[in-house]
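1. Can you look at this prediction? I've put the sequence above it.
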Amino acid sequence: MMPTKTLLIIRLLTCSLAFSQNPADPLAPTHDTKSAAEIDHEWQVSVSKYDNKRAEILREVDRQDATGPYRADWETLRKFEIPQWYRDAKFGIFIHWSVFSVPGSQNEWYPRNMYQQKDPAFKEHIQRFGPQDKFGYKDFIPQFKAERWDPADWARLFKQAGARYVVPVAEHHDGFAMYNSDLSDWSAAKMGPKRDVIGDLAKAVRAEGLHFGTSYHRAEHNWFFDGGRTFRSDVNDPKYASLYGPAHAWLSDPKQMLLNDWTYVSPEYANDWLARAAEIVQKYHPEVMYFDWWAGQSNYRRNVTRFAAFYYNFGAANGIPGVIDIKDYDFDWHAGARDFERGLREDIEPQHWQTDTSISNLSWGYLEHDEFKSADFIVHQLIDIVSKNGNLLLNIGPRPDGTIPDEVRNTLLDIGTWLTVNGEAIYDTTPWKIYGEGPTKVQPGFGHDKDTKPYTSEDFRFTQKGYTLYAIGMAWPTDGRAVIHALGSAEQAKGMQISSVELVGSDAKVEFHRTGDALDVQLPAQTPGKYAYALRISATQ
């Protein structure tokens, strides 16, 4: 019996000969007409010009894995400790900006949905831009010019917003690199803006004294454009395989449980994923490396382990205190900071964590007609998250020209104004014994971050810093009295001696008295700001 590889080569040569004798339509559907191996081979050929560079990077990954304090096994990686800067930062900015910003429709999954025949984006695309065999996703690239982009302006805005770290998406599921990749033709440095977006932004962000990270979503690119194989479209054309990827059929579990996902991922693609992730680290030294959920698919497991060891060893060798943001089951939860997309927690988590959510309720990328969260809502969410030992990574979606919508800009500035006054109760703090008190509870789980009901004057959240306890009131009481039951002498604060209570941001004297049931604080007539207020409580045990 012939080896499988030999049979595949014969079949490929036969198909090639047949094509040369009877030129086929390169846009014709390929779903169910080409095997997964044939499709993958087309992709491998399309990126073969970078084989030597990819191999060079992978050799460096393996060398680093063998020389640093970490090894490519979870027993070693579980010893990782989240860097202190990340624990203290509390608030970061996430950025989804790429070619998908051009249509400004639906969400950042428009590139996929425009090829899904049952999705509304399919018909919308034909109506607005023409059929997918005439105008495919690649044809948006020349319109992605970033002609008004000023990275220094972005960085100043993020600092004014009170963010301590910034995490742009280096590559989303669409496969278009926003950095100067040596492994791809399809990048912002070579097409569209013709700028190294990640590199330019990294310089601007660090010039403002902020930490810089990157987000990498290429794992999903393996299947992202699979709908284009089911009808006549440019996804089928081998000429564009280096952009659209293998576009394998996504054989997902209905509940998206990755252990039950049987999508074809070749070893070559998994190695390409690893090499590109390592390239980002080598070029931009990100202090955060964020992966989306599909990096946990079983075919990536080994390379995920190799990357983690490489990244942490690279950081140790170069003085970069980095952290990997973990989604779902991509990694062992002790090997980085667990991230809950659009999700909150019910109580204090013992291990530091993060929520990533979007300022938009509809999308992560730019939409022409969007719905945004208010500054009030985001400030309250930040307070709740920090009280439970977490960070908030807040996403924005800039326009394709590089400008940030006024609604988004103004909201960020309003958040920054609140943090300028009350930031001492947020930054560099740790949770108290309990996260807070009051009738308003958050709803945990994916997609419920926007479902929290309005807070009341009975709702408080607690943080601490040394001997200082902060009680953050989520709404200003109409009678001017803050009654905090957890701080009563017979409650959670039993044995605690309270010597003074001050209103952060105000010079007014604050009167208080304490009973076994509660700490009763008489607030001044004037609130120091909007949204929420913080009481600085000097206490000893």
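-> Received, thanks. What you see is a predicted model; the values in this text were computed from it and never measured. Numbers count the residues shown, from 1 in each chain.
2. Nearest residue to Asp517 in space, ignoring adjacent ones along the chain?
-> Gly488 (4.6 Å; CB to CB, 6 or more residues apart in numbering). (C-beta placed from N, C-alpha, C; glycine too.)
3. wait, isn't that neighbour in contact with Arg514?
-> Yes: in this structure Gly488 lies within contact range of Arg514 using CB atoms under 8 Å: 6.7 Å.
4. all helices for the stretch 51-200 of the chain, in order.
-> 51-67, 74-77, 84-89, 110-113, 120-129, 151-160, 197-207 (DSSP state H, counting those that start in this stretch).
5. Now do the longest one: which elements does it pack against?
-> For helix 51-67, the contact count by 3 or more CB pairs under 8 Å, 6 or more residues apart in numbering; DSSP states H and E identifies helix 267-284, helix 301-318 as packing neighbours.
6. now those helices as JSON lines including distance to Ile426?
-> Formatted as JSON lines, these follow (distance: least, CB to CB, whole Å):
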{"stretch": "helix 267-284", "distance to Ile426": "28"}
{"stretch": "helix 301-318", "distance to Ile426": "26"}
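7. show me the contacts for the residue nearest to Asp517.
-> 514-519 (CB atoms under 8 Å, 6 or more residues apart in numbering).
8. With Gly416 instead?
-> So Gly416 contacts 160-162 (CB under 8 Å, 6+ apart).
9. Now the helix or strand harbouring it: buried residues?
-> Per DSSP states H and E: Gly416 is located in helix 406-422. For helix 406-422, a neighbour-count test (16 or more other CB atoms under 10 Å) marks 408-409, 411-412, 414-419, 421-422 as buried.
10. Show me the shaky parts of the stretch 51-200 of the chain.
-> In the prediction, the stretch 51-200 of the chain carries no residues with pLDDT under 70.
11. one step back: mind checking how far the residue nearest to Asp517 is from Gly516?
-> 5 Å (CB to CB, to the nearest Å).
12. all strands for the stretch 301-450 of the chain, in order.
-> 323-327, 337-341, 353-358, 390-396, 430-437 (DSSP state E, counting those that start in this stretch).
13. How about the stretch 151-300 of the chain?
-> 165-171, 211-212, 214-216, 288-291.
14. what number of residues lie near Asn107?
-> Residues within reach of Asn107, counting by other CB atoms under 10 Å, total 19.
15. Let me fix that, I meant to ask about Arg338.
-> When neighbours are counted by other CB under 10 Å, Arg338 comes out with 19.
16. if I pick it, what's in contact with it?
-> 325-326, 351, 353-354.
17. So what sits opposite it in the bridge?
-> Ile326, Trp353 (DSSP bridges).
18. Can you read off the pLDDT for it?
-> You'll see Arg338 listed with a pLDDT of 96.
19. With Val379 instead?
-> 98.
20. In stretch 204-212, which residues are buried?
-> Result for stretch 204-212 [16+ other CB under 10 Å]: buried residues 204-205, 208, 210-212.
21. Kindly check the end-to-end length of stretch 242-259 for me.
-> Length of stretch 242-259, first residue to last, CA to CA, to the nearest Å: 28 Å.
22. actually stretch 237-252, not the one I typed
-> OK, stretch 237-252 end separation, CA to CA: 25 Å.
23. got the contact list for that stretch?
-> Taking CB under 8 Å, 6+ apart as the rule, stretch 237-252 contacts 26-27, 31, 36, 39-40, 42-43, 45-47, 136-138, 175-176, 184-186, 221-226, 228-229, 234-235, 261-266, 269.
24. Same question for stretch 340-350.
-> Residues outside stretch 340-350 that contact it (CB under 8 Å, 6+ apart): 293, 327, 353-358, 381, 384-385, 387-390, 431, 434-435, 441-450, 452.
25. which parts of it are buried?
-> Buried, per 16+ other CB under 10 Å, within stretch 340-350: 340-345, 348-349.
26. and which of those is nearest Trp273?
-> Ranked by distance to Trp273 (CB to CB), the buried residues of stretch 340-350 are led by Glu341 at 20.1 Å.
27. Please tell me how far the closest one sits from Tyr311.
-> Taking CB to CB, one finds Glu341 at 21 Å from Tyr311.
28. Test my guess that Val205 contacts Ala163.
-> No: checked against CB under 8 Å, the pair Val205 and Ala163 is beyond contact range at 9.3 Å.
29. End to end on stretch 233-249, go ahead and measure it.
-> First residue to last in stretch 233-249 (CA to CA) measures 15 Å.
30. Stretch 288-308 too?
-> 12 Å.
31. That one: how far from the chain's middle?
-> The chain centre lies 14 Å from the centre of stretch 288-308; the measure is CA atoms, centre = their mean, to the nearest Å.
32. Can you point out the buried residues in it?
-> 288-297, 299-301, 303-308.
33. can you check stretch 54-67 too?
-> Neighbour-count burial for stretch 54-67 [16+ other CB under 10 Å]: 54, 57-58, 60-61, 64-65.
34. How about stretch 456-466?
-> Buried residues in stretch 456-466, defined by neighbour count with 16+ other CB under 10 Å: 457-464.
35. One more: stretch 356-369?
-> Buried residues in stretch 356-369 (16+ other CB under 10 Å): 356-360, 363-367.
36. chain center to that stretch: distance?
-> With CA atoms, centre = their mean, you get 13 Å for stretch 356-369.
37. what does it rub up against?
-> Residues contacting stretch 356-369 (CB under 8 Å, 6+ apart): 94, 96-98, 100-101, 104-108, 110, 290, 325, 339-342, 370-373, 378, 381, 392-400, 405, 408, 411-412, 449-450.
38. Could you give me the PyMOL syntax to select whichever of these are buried?
-> Selection of buried members from the contacts of stretch 356-369 for PyMOL, criterion 16+ other CB under 10 Å:
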select buried, resi 94+96+97+98+100+101+104+105+106+107+108+110+290+325+339+340+341+342+370+372+373+378+381+392+393+394+395+396+397+398+399+400+405+408+411+412+449
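39. What's the separation between the nearest residue to Ala493 once chain neighbours are set aside and Gln44?
-> In this structure, Ala493 finds its nearest non-sequential neighbour in Leu487, 4.5 Å apart by CB to CB, 6+ apart. As judged by CB to CB, Leu487 and Gln44 stand 64 Å apart.
40. Check Leu367 too.
-> 36 Å.
41. Gly68 too?
-> Taken as CB to CB, the span from Gly68 to Gln44 is 31 Å.
42. if we can go back for a sec, including distance to Lys255, could the strands of the stretch 301-450 of the chain go into CSV?
-> As requested, these are arranged in CSV below (distance: least, CB to CB, whole Å):
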stretch, distance to Lys255
strand 323-327, 16
strand 337-341, 15
strand 353-358, 21
strand 390-396, 25
strand 430-437, 30
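43. and the closest residue to Trp186 other than its chain neighbours, what pLDDT?
-> Here the nearest residue to Trp186 in space, its sequence neighbours aside, is Leu243; by CB to CB, 6+ apart that works out to 4.7 Å. Note for Leu243: predicted pLDDT of 98.
44. quick one on the thing from earlier: return the member of the buried residues of stretch 456-466 nearest to Arg195.
-> Thr463 (40.1 Å).
45. any idea how far Ala425 is from the closest one?
-> 6 Å.
46. Could you do Arg338 as well?
-> The value you get for Arg338 to Ala425, if CB to CB is used, is 24 Å.
47. Kindly report the same for Leu487.
-> In terms of CB to CB, Leu487 sits 15 Å off from Ala425.
48. Just give me how far the helix or strand Leu535 falls within sits from the chain centre.
-> Counting by DSSP H and E, the element that carries Leu535 is strand 533-540. Averaging C-alpha positions (CA atoms, centre = their mean) puts strand 533-540 33 Å from its chain's average.
49. for that strand, which positions count as buried?
-> 533-537, 539.
50. Go ahead and confirm Ala375 touches Thr411.
-> Yes: counting by CB under 8 Å, Ala375 does reach Thr411; the two are 4.8 Å apart.
51. circling back: number of residues surrounding the residue nearest to Trp186?
-> Leu243, neighbours per other CB under 10 Å, totals 23.
52. now swap in Ser252 and tell me
-> 16.
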